[in-house]
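1. below is the structure, and that's it, no one-letter string:
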């Protein structure tokens with residue numbers, strides 16, 4: 001069974017059922033049935049073909065969350081065109097790199113993109129498609145290993161690379177999440193995440209479309225409107241990032257209780273969820289957030305259980321069909337309780353980077369994907385992430401894992417958020433320094449004393465730098481390379 005046949009469970013089988021509510025930032029709310037999405041995506045397929053698009057061609061899409069972006073993706077699946085979403089926060093230099101690398105036949109955007117050839121304004125595309133028939137054309141026969149999308153990595157350590165994702169990657173990922181998180185057509189699903197990222201595209205869009213539930217898609221999560229949106233829509237299911245849950249901690253208790261009564265499951269990913277946030281959220285909303293772990297290159301890998309202990313600070317167990325192992329620098333397996341680099345294998349793992357055989361070879365070892373993430377496994381199988389290998393601080397020969405310090409700092413009453421990085425030191429090589437967002441004045445000496453009481457001396461930050469906010473990407477992941485230095 002291919003990806004489109006899974007979509008057809010809803011597009012054809014639930015044709016008249018309410019499918020989508022789209023809440024734009026201007027207050028407009030659009031509604032679609034699954035049949036309307038089916039018909040419009042068929043019109044788009046015909047518009048694509050009229051301009052010579054065929055299976056294997058690439059389309060770059062530079063759009064904010066919208067009904068049109070969903071219909072474009074479905075049309076690409078039907079035609080075998082490779083969908084290439086571009087982060088709408090990217091600017092000219094970043095966009096031009098992706099356009100050079102992906103070599104799309106067309107780009108679709110609200111406005112003209114710098115460096116783009118074959119631009120297709122989304123309004124013109126809609127006018128072109130309106131003239132087309134809603135009947136479905138014959139679908140090309142595609143192998144499950146055929147590429148469905150290219151999603152570009154954030155590029156924090158160089159130019160971004162295009163992760164090539166196949167029909168099998170998307171299908172296996174969605175089947176796992178729907179089964180393990182018990183997503184059904186009766187769910188009311190709130191998705192506040194961008195569709196240019198795998199969290200919104202691979203998890204959100206696919207779980208919604210295959211399960212047949214009703215989805216409220218937001219253009220973006222607005223801090224000031226978040227509580228009102230939850231109260232108005234009454235979701236049973238929410239996919240979010242830690243920053244969203246931090247903001248929701250400001251919810252008045254009565255409203256939080258009301259939201260909690262209709263909710264079934266809050267899921268968090270794309271960045272580590274601080275233990276303190278999970279515990280405060282559980283107290284306020286009456287729900288334990290389910291934390292999981294994924295990557296652009298692998299989609300979802302591990303998850304805390306839906307029925308069972310959602311252990312704070314961990315990302316749970318490997319999902320069905322996913323194999324995980326922890327290796328040291330010599331590629332030897334580490335024992336439970338010891339930190340190693342996480343390697344993965346399974347139907348969710350991508351085949352490689354677009355046009356980058358060198359980069360692909362670097363991340364695979366004996367058929368296993370090297371994540372670059374450090375983790376530890378407990379005796380009963382729960383995995384806990386310890387940061388990126390690139391984030392590891394080596395101070396005077398000692399290994400320091402920033403997340404351990406960060407978790408302790410956010411437990412302190414003055415601290416809202418914290419991130420720890422290594423700064424160069426002439427004697428020790430590197431020393432840890434903490435950047436903190438605070439809710440009130442603080443004493444660096446007092447914080448250091450509290451750290452010394454529970455942490456080894458070499459782990460105590462040598463400085464505490466107060467910042468108004470931490471730099472983040474569109475998914476709420478902290479961009480450590482953008483922190484002020486010196």
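-> Nice, thanks for sending it over. Values in this document were obtained by computation on a predicted structure and should not be read as measured data.
2. enumerate the positions of stretch 410-422 that are buried.
-> Under the neighbour-count criterion of 16 or more other C-beta atoms under 10 Å, stretch 410-422 has 410, 412, 414, 415, 417, 418, 419, 420, 421, 422 buried. Heads up, the C-betas are built off the backbone N, CA and C, glycines and all.
3. name the helices or strands packed onto the lengthiest helix in the chain?
-> Among the segments of the chain that qualify as a helix by DSSP state H, the longest is helix 34-50. With contacts defined as 3 or more C-beta pairs under 8 Å, 6 or more residues apart in numbering; DSSP states H and E, helix 34-50 has these neighbours: helix 3-11, strand 18-23, helix 67-79, helix 122-130.
4. out of the ones you listed, nearest to residue 253?
-> Across those, residue 253 has its closest neighbour in strand 18-23 (25.3 Å, C-beta to C-beta).
5. show me what that closest one is packed against.
-> strand 29-33, helix 34-50, helix 67-79, strand 214-218.
6. tell me which of the helices and strands packed on helix 34-50 sits most buried.
-> helix 67-79 (a mean of 23; mean count of other C-beta atoms under 10 Å).
7. ok, then the element right after that helix?
-> Downstream of helix 67-79, the first helix or strand assigned by DSSP states H and E is strand 82-85.
8. buried residues in the helix or strand following that next one, which are they?
-> Heading C-terminal from strand 82-85, the first helix or strand you meet, by DSSP H and E, is helix 92-102. Neighbour-count burial for helix 92-102 flags 94, 95, 97, 98, 99, 101, 102 (criterion: 16+ other C-beta under 10 Å).
9. how about these in JSON lines, adding distance to residue 233?
-> Converted to JSON lines, these look like this (distance: C-beta to C-beta, whole Å):
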{"residue": "94", "distance to residue 233": "33"}
{"residue": "95", "distance to residue 233": "33"}
{"residue": "97", "distance to residue 233": "37"}
{"residue": "98", "distance to residue 233": "33"}
{"residue": "99", "distance to residue 233": "36"}
{"residue": "101", "distance to residue 233": "38"}
{"residue": "102", "distance to residue 233": "35"}
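10. the next helix or strand after the longest helix of the chain vs helix 122-130, what angle?
-> Sequence-wise, the next helix or strand downstream of helix 34-50 (DSSP H and E) is strand 58-62. Interaxial angle, strand 58-62 versus helix 122-130 (axes from the mean of the first three to the mean of the last three C-alpha atoms, to 10 degrees): 130 degrees.
11. which strand or helix spans the closest residue to residue 299 other than its chain neighbours?
-> Among residues not flanking residue 299 along the chain, residue 173 sits closest, at 3.9 Å (C-beta to C-beta, 6 or more residues apart in numbering). Per DSSP H and E: residue 173 is located in helix 167-180.
12. which parts of that helix are buried?
-> Going by neighbour count (16+ other C-beta under 10 Å), the buried part of helix 167-180 is 167-178, 180.
13. quick check: domain ranges of the chain?
-> Domain ranges of the chain: 3-220, 290-388, 392-482, per automatic domain parsing.
14. among the helices and strands packed on helix 34-50, which comes closest to residue 230?
-> Short answer: strand 18-23, nearest of the helices and strands packed on helix 34-50 by C-beta to C-beta, at 11.8 Å.
15. in the stretch 151-300 of the chain, which segments are predicted with low confidence?
-> Residues of the stretch 151-300 of the chain meeting the criterion pLDDT under 70: 154-158.
16. let's see 50
-> Scanning the stretch 151-300 of the chain for pLDDT under 50 picks out the ranges 156-157.
17. take the helices and strands packed on strand 18-23 and lay them out in CSV including distance to residue 239.
-> Shown next, in CSV, are those (distance: least, C-beta to C-beta, whole Å):
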stretch, distance to residue 239
strand 29-33, 19
helix 34-50, 20
helix 67-79, 15
strand 214-218, 10
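18. rank those by pLDDT, which is bottom?
-> Among the helices and strands packed on strand 18-23, strand 29-33 has the lowest mean pLDDT, at a mean of 93.
19. buried residues in it?
-> Using 16+ other C-beta under 10 Å as the test for burial, strand 29-33 gives 32, 33.
20. got a list of contacts for that strand?
-> Strand 29-33 is contacted from outside by 15, 16, 17, 18, 19, 20, 21, 22, 23, 24, 67, using C-beta atoms under 8 Å, 6 or more residues apart in numbering.
21. tell me how many other residues crowd the second one.
-> Summarising burial for residue 16: neighbours were counted as other C-beta atoms under 10 Å, giving 9.
22. got a list of what it touches?
-> Counting by C-beta under 8 Å, 6+ apart, residue 16 has contacts 33, 34, 35.
23. so what's the second one closest to, chain neighbours aside?
-> Using C-beta to C-beta, 6+ apart and skipping the chain neighbours, the partner closest in space to residue 34 is residue 19 (4.3 Å).
24. look up how far residue 176 lies from the one you found.
-> Using C-beta to C-beta, to the nearest Å, residue 19 is found at 22 Å from residue 176.
25. do residue 48 as well
-> Distance, residue 48 to residue 176, using C-beta to C-beta: 30 Å.
26. picking up where we left off before, need the contacts of residue 16 in CSV with distance to residue 60, can you?
-> Output for these, formatted as CSV (distance: C-beta to C-beta, whole Å):
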residue, distance to residue 60
33, 29
34, 27
35, 28
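27. pLDDT score for residue 422?
-> Per the predicted model, pLDDT is 88 at residue 422.
28. ditto for residue 314
-> pLDDT, residue 314: 96.
29. pLDDT weak spots in the stretch 351-486 of the chain?
-> Counting by pLDDT under 50, the stretch 351-486 of the chain contains no low-confidence range.
30. quick one: the helices in it?
-> Remark: helices assigned in the stretch 351-486 of the chain by DSSP state H, counting those that start in this stretch are 357-363, 402-409, 444-454.
31. pick the most buried one from those helices.
-> By mean count of other C-beta under 10 Å, the helices of the stretch 351-486 of the chain have helix 402-409 as the most buried, with a mean of 20.
32. now for that helix, which elements pack on it?
-> By 3+ C-beta pairs under 8 Å, 6+ apart, helix 402-409 packs against strand 383-388, strand 415-425, strand 429-438, helix 444-454.
33. of the ones you listed, which is nearest residue 265?
-> Among these, strand 383-388 comes nearest to residue 265, with 20.1 Å by C-beta to C-beta.
34. compute the inter-axis angle for the closest one and strand 415-425.
-> Interaxial angle, strand 383-388 versus strand 415-425 (the same axes, to 10 degrees): 50 degrees.
35. next, count neighbours for the closest residue to residue 249 other than its chain neighbours.
-> The shortest distance from residue 249 to any non-neighbouring residue, by C-beta to C-beta, 6+ apart, is to residue 280 (5.6 Å). Burial measure for residue 280: 16 neighbouring residues, criterion other C-beta under 10 Å.
36. what does residue 280 show for phi and psi?
-> Recorded main-chain torsions at residue 280 are phi -70, psi -40, according to degrees, to the nearest 10.
37. and the contacts of stretch 422-434?
-> Applying C-beta under 8 Å, 6+ apart, the external contacts of stretch 422-434 come out as 393-396, 400, 402, 405-406, 409, 418-421, 447, 458-465, 485.
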